[in-house]
Each structure stands twice: as C-alpha cells, then as structure tokens.
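In: sharing a model that was predicted from the sequence below.
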Amino acid sequence: MTVSDPGSSPDPESVVSFVRALADDDLHRLAEVVRQVQIERAIDNGDHDAIIAAGFESGFGRDGLGVLPWVEGSVIVCPGGMVSKSKTSHRCRFVSVDDVWVWDSGLLLREDKRSSPGTTEGFRAIALVPLVDGTELDVVTGRARSGQHSVDHVVSYEVRGGELIEVSQRHVTPANMR
C-alpha cells in the first residue's frame, strides 16, 4: 500500500486489502495501535471540563440517578450516582466498562464527583471514557436495603463503528440471580 501525497489518505479498499494480508501477530499489533490512537484522540479532542460541566447539568434524572451514557465527540459520558434514604438504604446507578466499575477501569480518562444537591444524602459523578470500538458498558441500577445490595436492572452497550449501541436490557429478580 502506498500513498502518493503525504497529506492524502489511502483509499479504504487498499487499507482493507492490506489488513487482510497481515499475519496474525501483525494484525493483533495493528488492533492495539488503533485502540491506542482512539484513546489518544479522546484525550486530545474536546474540552473535558466543558463536557463534565454539561454532564452535571443534564446527566441526572428526577430520581437523582444518572441517565444512560452518551457519546460526546470522542468520549463516552457516563453519569453515575447514589441517593441514600437512610444509613442502610440507597438507590444507585453506575457504569461498568469491560466488566470493571468505571472508576477502576484502565480506560477512565477522568471522573468528577459531587455531593447531591438538596436534602437527600448521596453523590453524583461524571466519568469520561474514550470511544474505542469493542468496548462494552453495562449500566447497573441497584439498591441496598438493610445493608444487603441487589441489582434491579442492567442495560448493556457495545461501541461499534464509533457509536454506542445498546445490545440488551434485563431486569434482575431474585429468581434470575441463581
């Protein structure tokens, strides 16, 4: 594959042919390079301060919990939060990224956390993760009663072609948890 003009891009068909001809090891290395470039662009593109500020304005429902995540430029905005009813009872909604809570994810670019406004105890958080193809997200809604935590609902997404695609929703009941 050659590019005659350094400022131009090769045609997509040439790129696909080149990728198909790669050995397996080279294909894995290329996939990692593509993932790294997507992460770097997410870090470099956009005003993360402005995205987070807007997230705190529009990222929470009347119930005080985070709304579903959305794409802003080259990042995924992941609202999360907890609303306490008492010391042993709360409702919460958080995002996991590739089966790890967003705050522990290696993809986490930034997370800002604030106390919830009003009289209820709790907090709200906005986390930013890069828009990387293949990334899987679960939005987990749960509650704690008498110190026992349970999951009520899970909405799952996958990043495909630079878009956040919902792939499933499920309600979790005690019978489903076996």
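Out: Cool, got the structure. Numbers count the residues shown, from 1 in each chain.

In: got the contact list for Tyr157?
Out: 69, 136-139, 164-167 (CB atoms under 8 Å, 6 or more residues apart in numbering). Quick note: C-beta positions are derived from backbone N, CA and C, even for glycine.

In: for this protein, which residues score under the pLDDT cut-off?
Out: 1-7, 117-119, 174-178 (pLDDT under 70).

In: change it to 50
Out: Counting by pLDDT under 50, the chain contains low-confidence ranges at 2-3, 176-178.

In: now the helices for the chain?
Out: Remark: helices assigned in the chain by DSSP state H are 12-20, 24-44, 48-58.

In: most tightly packed of those helices?
Out: helix 48-58 (a mean of 15; mean count of other CB atoms under 10 Å).

In: need the phi and psi values for the residue lying closest to Gly147 once chain neighbours are set aside.
Out: Residue nearest to Gly147 in three dimensions, not counting chain neighbours: Thr88, with 5.1 Å by CB to CB, 6 or more residues apart in numbering. Main-chain torsions, Thr88, degrees, to the nearest 10: phi -120, psi 10.

In: what's the PyMOL syntax to select whichever of the contacts of Tyr157 are buried?
Out: A single PyMOL command suffices to select whichever of the contacts of Tyr157 are buried according to 16 or more other CB atoms under 10 Å:
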select buried, resi 69+137+138+139+164
